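> from the sequence below, what's the structure:
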Amino acid sequence: MKKLSLFTLAFLSMWGLQSCTETTTKADNHSTENTEKVDQAEKPAAAAVTHWEKGGLKVYAMEDSPKFADASLELETPAAGLGLVAGANQFKFNVSNYELAAQTSDAEGKGLANSGKGQHIHFILNNGPYSAHYSNEFEKELDDGHYVLLAFLSRSYHESVKAPAAAAIRQFVVGEPANFKEMNLSAPHMFYSRPKGAYYGADTKKLMLDFYLANVNLAPDGHKVRATINGNEFVFTKWAPYLIEGLPMGTVKIKLELLGPDGNLVKSRFNPVEREVVLAEMKPES
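Numbers count the residues shown, from 1 in each chain. I've put the predicted structure just below:
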């Protein structure tokens, strides 16, 4: 009887130890799964890449400019819904908390092409090359057609002011154009701004690439802008001006594409956009 009791006690002890081991293992596994889930939930969002070196080019975000967070621009004339006539048309803007025709405070140290006339308005029609205006009232010669106007405040070195109220967008009709379709101005759009035209001498060392976004934000897991510069692709996930160094003399080809979170082109008549600028050591004699 004593032998049976000892055997029984040994068996029960082994069974208990195994049960405890299994219970502990299950609990540990459960704890590990919970830890993994917590770790995944606490991982920070991917940071936007803002610096690249590719194909002999150095491309990086410029984020140290004066912000002008309270600057505002409002289109007063022509009034919304007013049809215009072909020829000279008057445009008038209300500008607040921003001084047109003044030099931006950090212009001298930027090393960028800078307007000697100072801060201004970039006036863009149908995503074409902008015209610069240093006062809030001016005339524009317009042909018959349907137009989408984007105007925004610009620093003296042509960087757009990206403050919430620093831009105005409007569509209007001039004359009696045939077969035009209005644009959904509440949808995501991208407008090209810089670089533009020709650059000479020291201004060729560093070019600024700048674009304006409407109704869309950029993010590593959201909308993006793909820039192709002389065949080299760069994907921007942060809205900022980007500086380009290392460009050769001659023609520079730039293509901008606004991409959706799925990587496909966002539908817009202005997307994609392609431009060419020219770099030369010396300005040709006139």
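> got the residue ranges for the helices in the protein?
For the chain, the helices defined by DSSP state H occupy 2-42.
> retrieve the pLDDT associated with the residue most central in space within it.
Central residue of the chain (CA atoms, centre = their mean): residue 239, 3.1 Å from the mean position. pLDDT, residue 239: 98.
> against residue 222, how distant is it?
Applying CB to CB, to the nearest Å, the value for residue 239 to residue 222 is 11 Å. All C-beta spots, glycine's among them, are computed from the backbone N, C-alpha and C.
> swap in residue 286?
47 Å.
> and these two? Which one has more around it.
Just comparing residue 286 and residue 222: by other CB atoms under 10 Å the higher neighbour count belongs to residue 222, 12 against 3.
> so the more buried one touches residue 261, yeah?
Yes: if you go by CB atoms under 8 Å, residue 222 and residue 261 touch, sitting 5.1 Å apart.
> circling back: for the residue nearest to the centre of the chain, give me phi and psi.
With angles defined as degrees, to the nearest 10, residue 239 sits at phi -80, psi 110.
> just list whatever residues bridge to the closest residue to it other than its chain neighbours.
In space, and not counting its chain neighbours, residue 239 is closest to residue 218: 5.1 Å by CB to CB, 6 or more residues apart in numbering. Beta bridges link residue 218 to residue 223, judged by DSSP bridges.
> just checking, residue 218 touches residue 225?
Yes: because the distance of 6.4 Å satisfies CB under 8 Å, residue 218 is recorded as touching residue 225.
> between these two, who's got more neighbours?
The neighbour comparison of residue 218 against residue 225 (other CB under 10 Å) goes to residue 225, with 24 against 19.
> and the nearest residue to that one once chain neighbours are set aside, how many neighbours?
Distance criterion CB to CB, 6+ apart; nearest residue to residue 225, sequence neighbours excluded, is residue 236 at 4.4 Å. By other CB under 10 Å, the residues close to residue 236 number 23.
> which residues do residue 218 and residue 225 both contact?
Common contact partners of residue 218 and residue 225 (CB atoms under 8 Å, 6 or more residues apart in numbering): residue 236.
> for residue 235, give me its contacts.
Here residue 235 is in contact with 49, 224-227, 259 (criterion: CB under 8 Å, 6+ apart).
> look up how far residue 50 lies from it.
11 Å.
> equivalent analysis for residue 170, please.
For residue 170 relative to residue 50 (CB to CB), the value is 32 Å.
> which parts of the stretch 101-250 of the chain are strands?
120-125, 131-133, 137-142, 145-154, 167-174, 189-194, 198-200, 206-214, 224-229, 232-236, 242-245, 250-259 (DSSP state E, counting those that start in this stretch).
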